[in-house]
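>>> Here is a sequence together with a model predicted from it:
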Amino acid sequence: MAAEISRTENLMKYMKLDQKGHIMAEYIWIDSQGATRSKSRTLKDQEWTPETLPTWNFDGSSTGQAPGDNSDVYLKPVAVFPDPLRLAPNILVLAECWDHDGTPNKYNYRHECAKLMEAHAATEPWFGLEQEYTLLDMSGRPYGWPVNGFPAPQGEYYCGVGTGKVVQRDIVEAHYKACLYAGVNISGTNAEVMPAQWEFQVGPCEGVSMGDHLWVARFLLHRIAEEFGAKVSVHPKPIPGDWNGAGLHSNFSTKEMRVEGGMKAIEEAIKKLEGRHKEHIAVYGEDNDKRLTGRHETGAIDQFTWGVANRGASIRIPREVGVKGYGYFEDRRPASNADPYRITGIIMETCFGAVSE
């Protein structure tokens, strides 16, 4: 399939047309493969909230979320964002997936995460996630890489500036601005160690909103890349060999960790994480064994380690935090394709306990 790049100059005359008192609402959900799906509906032009927005549905048999003989899956709105693609008054609607019997769909990881966050809300959990990704051409090759070879070894690409060091910065800039317009709590972006690899950071966000904001940021990245004829890969090891993988480094703190003397709470949390290392790895993304090798700024997948300023550890305590004695820590184990609801949920469960049904 050849890349079809948007013809913006043709589209714009239609985008300026009067909507006659209506808005377009783009409902977004997560499918069985951990990718975003979306579809649009027309609503009256008014102030909409998750509580006032209508529940919708889709064909779950076409997304791997339901059988063909009972295929309706319901979309229940949980968050609303201004739409940076169609502009105001149009909106993006993030929705949870629910089955016909009133239970969360098998792939609705947000529901359990929200319960954990509500149960332990008094701890005031803050999260900040660092989403690494790789931009590919239509053949699946990293953008800018030679067709029959490899670029120069890693070293000059991280936070690089200039032709030959970075590619597709237009996508990165467009995504950054789109997230800000939408109210996504994006906090930065940079070129990563492998050429054609980038990262954006979202947070700090409290509780379940961390997953909401990251999923909308992911949706926007894929939508914007469409317009430039690029594919977005969140595979944790897109290129075998001496090339960095891609992670979703997860920063975490509670109010107890963020005050003087908080290092004690940080170390207590790390001890609990060590005791459930296998359980965390199980939900920290597919093919993560290809990335967590103990090389390329990772810890080994079968070992739990932690240290100050150590990017080869499972858990890193930033140098500044080590000096001050309070702050946050970074879980470096999650893969770039991990679900943020599963990451943040299991961190809360391990540190503060499970929630009964």
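Nice, I can see it. In this text, all values refer to a predicted model and were calculated from it rather than measured experimentally.
>>> quick one: Ser253 from Asn190, how far?
Note on Ser253: its distance to Asn190, by Cβ to Cβ, to the nearest Å, is 22 Å. Backbone N, C-alpha and C define where each C-beta goes, glycine included.
>>> and what of Val167?
Val167 is 14 Å from Asn190, by Cβ to Cβ.
>>> The two - which one has more neighbours?
The residue with more neighbours, out of Val167 and Asn190, is Val167; 24 against 15, by other Cβ atoms under 10 Å.
>>> where exactly do the strands run in the stretch 151-300 of the chain?
Assigned by DSSP state E, counting those that start in this stretch, the stretch 151-300 of the chain shows strands spanning 186-191, 197-206, 231-233, 248-253.
>>> lowest confidence element among the helices and strands of the protein?
Least confident helix or strand, the chain: helix 8-15 with a mean of 88, by mean pLDDT, DSSP states H and E.
>>> JSON lines for the strands of the stretch 151-300 of the chain, including mean pLDDT and distance to Gly128?
As requested, the strands of the stretch 151-300 of the chain are exported to JSON lines (pLDDT from 0 to 100; distance: least, Cβ to Cβ, whole Å):
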{"stretch": "strand 186-191", "mean pLDDT": "98", "distance to Gly128": "7"}
{"stretch": "strand 197-206", "mean pLDDT": "98", "distance to Gly128": "3"}
{"stretch": "strand 231-233", "mean pLDDT": "97", "distance to Gly128": "21"}
{"stretch": "strand 248-253", "mean pLDDT": "98", "distance to Gly128": "4"}
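>>> got CSV for those, with distance to Leu75 too?
Below are these laid out as CSV (distance: least, Cβ to Cβ, whole Å):
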stretch, distance to Leu75
strand 186-191, 25
strand 197-206, 22
strand 231-233, 23
strand 248-253, 25
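>>> What is the end-to-end distance of stretch 299-318?
Using Cα to Cα, to the nearest Å, the end-to-end distance of stretch 299-318 comes to 16 Å.
>>> Would you confirm that Ser187 contacts Phe127?
No: using Cβ atoms under 8 Å, Ser187 makes no contact with Phe127, being 11.6 Å away.
>>> and for those two, which residues touch both?
Counting by Cβ atoms under 8 Å, 6 or more residues apart in numbering, the residues touching both Ser187 and Phe127 are Gly203, Pro204.
>>> Looking at those two, which one has more neighbours?
Phe127 (28 against 15).
>>> Phe81: how many residues sit nearby?
22.
>>> wait, what's in contact with it?
Contacts of Phe81 by Cβ under 8 Å, 6+ apart are Ile91, Leu92, Leu94, Ala182, Gly183, Val184, Val216.
>>> and the gap between the spatially most central residue of the chain and Ala338?
Centre of the chain computed as the mean C-alpha position; nearest residue by Cα atoms, centre = their mean is Leu214, 4.0 Å away. Distance, Leu214 to Ala338, by Cβ to Cβ: 10 Å.
>>> all helices of the stretch 151-300 of the chain, in order?
Assigned by DSSP state H, counting those that start in this stretch, the stretch 151-300 of the chain shows helices spanning 169-182, 209-227, 263-275, 277-283.
>>> Most tightly packed of those?
helix 209-227 (a mean of 23; mean count of other Cβ atoms under 10 Å).
>>> Just the CA coordinates for that helix, please, in CSV.
This file holds the C-alpha atoms of helix 209-227, laid out as CSV (Å, rounded to 0.1, in the frame of the first residue of the first chain):
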residue,chain,number,x,y,z
SER,A,209,-6.1,10.6,34.5
MET,A,210,-2.5,9.5,33.7
GLY,A,211,-3.8,6.7,31.5
ASP,A,212,-6.5,9.0,30.0
HIS,A,213,-4.0,11.6,28.9
LEU,A,214,-1.4,9.2,27.6
TRP,A,215,-4.0,7.3,25.5
VAL,A,216,-5.3,10.5,23.9
ALA,A,217,-1.7,11.6,23.2
ARG,A,218,-1.1,8.2,21.5
PHE,A,219,-4.3,8.6,19.4
LEU,A,220,-3.2,12.1,18.3
LEU,A,221,0.3,10.8,17.4
HIS,A,222,-1.1,8.2,15.1
ARG,A,223,-3.6,10.6,13.5
ILE,A,224,-1.0,13.2,12.8
ALA,A,225,1.4,10.7,11.4
GLU,A,226,-1.3,9.7,8.9
GLU,A,227,-1.0,13.2,7.4
